[in-house]
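Participant: here is my input; please provide its structure:
(one chain, ligands or ions: 1)
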Amino acid sequence: MIEEIKKLVEEAMELIEKAQSLDELAAVDLEYSGKKGKLTALLKTLGLLAPDERKIVGQACNNAKNTVSESIDKKRSYFNDQAIARELDVPSFDPTLPSIPPGTTTGSYHPVSVVQASVERVFEQMGFKILDYYEAESDWFNFEGLNIPKDHPARDMQDTFWMKSGNLLRTHTSPGQLRSMKEFEPPFRAIFPGRVFRYERTDASHEHTFHQVEGIMIDKNLSVSNLIAIMKILLEAIFEREVTIRLRPGYFPFVEPGFELDIQCMTCGGGGCPVCKHSGWVELLPCGLIHPNVIRAGGLDPTQWNGWAFGLGLTRLAMMKYKINHITHFMSGDLRFLSQFKAGGAK
Ligand code: FA5
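Facilitator: Residues are numbered from 1 along each chain as shown. Next comes the predicted model:
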């Protein structure tokens, strides 16, 4: 019996050696080690042998099956490695194709990036830090720490996307007010541009995902006139001309007093169009003096420090600057729209 096992192993090894494909290997595996294979069949006859002999033959038979399986596995890996090497060998590009002619424009900045860069430049020149904060926030940073407690009606103004963890996609860049106050020693000044999200119906001027830039200045005895002066510098630098603005009282729980700074619609020149909802004005820049509760939540003493903040709608600013009549163009991915904004083309 032992001789028979040895013969079967030799046969199998020869076939493995000769095998030219994974299919041929699978056939050898089946013929010798498979359920109906020759070595398996031998194992099934062990019951006919005397107990002493059964032990020896059983062990020899199992060793033989292992030897055959190991050789098959080795050869299988060899075939697989070869297949991978063949694939890697095929060049993934055609080096004989002509190259892109020098000077051809291959891409362009998104209009929001262009406007964001120009806002950053203006503020950098005035000594502001440019910061980047999280798109996913906790309830505390987005609402509670900003003086908007759990059942406050102001939460309804900014419906959001909640995560199972209880965190949310930030509805505005204002959480950065708290984060920057915790991060930097006063006095300081900073802006933080970024993407924000709201669970809301889209129309010509409302998207569920859009960009804002928040600005903050913390010092002693800051006033509304400091804030308005900086806002005028910003808007005139962006539009490169005088802009007509109006200031209305605005309610935001994290500022007191709070304002809505509107600019005259540049799409229609104030005559009325879908962008300004036929009012001639576009709400662009809410702002105000930071509420003492927020200063305290940021870890500072409101009897020592005060500050102002603004939250500019960057996407709306880009609409005004380039006279874009529908906000949905921004995320359309339509190259006919995007290619109009050349890299570094806009200031
Ligand atoms: C806020 O988000 C406040 N955090 C702004 C703020 C900061 C006030 C600091 C005071 C002090 P509001 O929800 O109004 O406010 O949004 C700010 C700006 O974002 C708006 O003026 C508008 O330009 C823009 N905006 C708001 N909702 C949308 C939207 N769905 N799509 C596009 N732009 C929007």
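
Participant: strands along the stretch 101-250 of the chain, start to end?
Facilitator: 129-130, 136-137, 168-169, 188-197, 209-219, 245-249 (DSSP state E, counting those that start in this stretch).

Participant: closest to the ligand out of those?
Facilitator: strand 209-219 (3.8 Å; CB to the nearest ligand atom). Where C-beta positions appear, they are placed from N, C-alpha and C, glycine not excepted.

Participant: now tabulate the strands of the stretch 101-250 of the chain in JSON lines and tack on mean pLDDT, distance to residue 79 and mean neighbour count.
Facilitator: JSON lines is the format used below for the strands of the stretch 101-250 of the chain (pLDDT from 0 to 100; distance: least, CB to CB, whole Å; neighbours: other CB atoms under 10 Å):
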{"stretch": "strand 129-130", "mean pLDDT": "97", "distance to residue 79": "56", "mean neighbour count": "15"}
{"stretch": "strand 136-137", "mean pLDDT": "97", "distance to residue 79": "47", "mean neighbour count": "18"}
{"stretch": "strand 168-169", "mean pLDDT": "96", "distance to residue 79": "49", "mean neighbour count": "20"}
{"stretch": "strand 188-197", "mean pLDDT": "97", "distance to residue 79": "49", "mean neighbour count": "21"}
{"stretch": "strand 209-219", "mean pLDDT": "97", "distance to residue 79": "49", "mean neighbour count": "22"}
{"stretch": "strand 245-249", "mean pLDDT": "91", "distance to residue 79": "73", "mean neighbour count": "13"}
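
Participant: these into a markdown table, with extra columns for distance to the ligand?
Facilitator: Listed next are those as a markdown table, based on distance: least, CB to the nearest ligand atom, whole Å:
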| stretch | distance to the ligand |
| --- | --- |
| strand 129-130 | 17 |
| strand 136-137 | 12 |
| strand 168-169 | 13 |
| strand 188-197 | 7 |
| strand 209-219 | 4 |
| strand 245-249 | 12 |
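
Participant: residue 12 is nearest to which of those?
Facilitator: strand 136-137 (58.8 Å; CB to CB).

Participant: can you give me the end-to-end distance of stretch 307-321?
Facilitator: Distance across stretch 307-321, first residue to last, is 29 Å (CA to CA, to the nearest Å).

Participant: wait, I meant stretch 325-334
Facilitator: Start-to-end span of stretch 325-334 (CA to CA) is 15 Å.

Participant: and residue 290, which of the strands of the stretch 101-250 of the chain is closest to it?
Facilitator: Comparing the strands of the stretch 101-250 of the chain by CB to CB, strand 209-219 comes nearest, at 7.4 Å.

Participant: in CSV: the strands of the stretch 101-250 of the chain, plus distance to residue 160.
Facilitator: Converted to CSV, the strands of the stretch 101-250 of the chain look like this (distance: least, CB to CB, whole Å):
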stretch, distance to residue 160
strand 129-130, 25
strand 136-137, 9
strand 168-169, 5
strand 188-197, 7
strand 209-219, 12
strand 245-249, 25
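
Participant: those strands: which one's closest to residue 313?
Facilitator: It's strand 209-219; of the strands of the stretch 101-250 of the chain, that one is closest to residue 313 (CB to CB) at 5.9 Å.

Participant: out of the strands of the stretch 101-250 of the chain, which comes closest to residue 231?
Facilitator: Of all the strands of the stretch 101-250 of the chain, strand 245-249 sits nearest to residue 231, with 7.8 Å by CB to CB.

Participant: go through the helix or strand that that closest one is followed by and flag the buried ones.
Facilitator: Once the chain leaves strand 245-249, the next helix or strand it forms, by DSSP states H and E, is strand 255-264. Neighbour counts over strand 255-264 (16 or more other CB atoms under 10 Å) mark 255, 258, 259, 260, 261, 262, 263, 264 as buried.

Participant: any idea of the mean pLDDT in strand 255-264?
Facilitator: Mean pLDDT, strand 255-264: 93.

Participant: equivalent analysis for stretch 85-101, please.
Facilitator: 80.

Participant: what of stretch 329-344?
Facilitator: pLDDT averaged over stretch 329-344 gives 84.

Participant: off-centre distance for it?
Facilitator: 20 Å (CA atoms, centre = their mean, to the nearest Å).

Participant: does the ligand have contacts with that stretch?
Facilitator: No. If you take CB under 6 Å from any ligand atom as the test, stretch 329-344 misses the ligand, and the best it gets is 9.1 Å.

Participant: once you drop chain neighbours, what's closest to residue 58?
Facilitator: With sequence-adjacent residues excluded and distances taken as CB to CB, 6 or more residues apart in numbering, residue 58 is closest to residue 46, at 5.3 Å.

Participant: my guess is the one you found contacts residue 54, does it?
Facilitator: Yes. If you go by CB atoms under 8 Å, residue 46 and residue 54 touch, sitting 5.1 Å apart.

Participant: quick check: nearest residue in space to residue 322, chain neighbours excluded?
Facilitator: The nearest residue in space to residue 322 (CB to CB, 6+ apart) is residue 111, at 5.9 Å.

Participant: separation between that neighbour and residue 282?
Facilitator: Separation of residue 111 from residue 282 (CB to CB, to the nearest Å): 16 Å.

Participant: check contacts around residue 2.
Facilitator: The neighbourhood of residue 2, defined by CB atoms under 8 Å, 6 or more residues apart in numbering, consists of 56, 57, 60.

Participant: for those residues, which one is nearest the ligand?
Facilitator: Taking the contacts of residue 2 together and measuring to the ligand by CB to the nearest ligand atom, the closest member is residue 60, at 77.9 Å.
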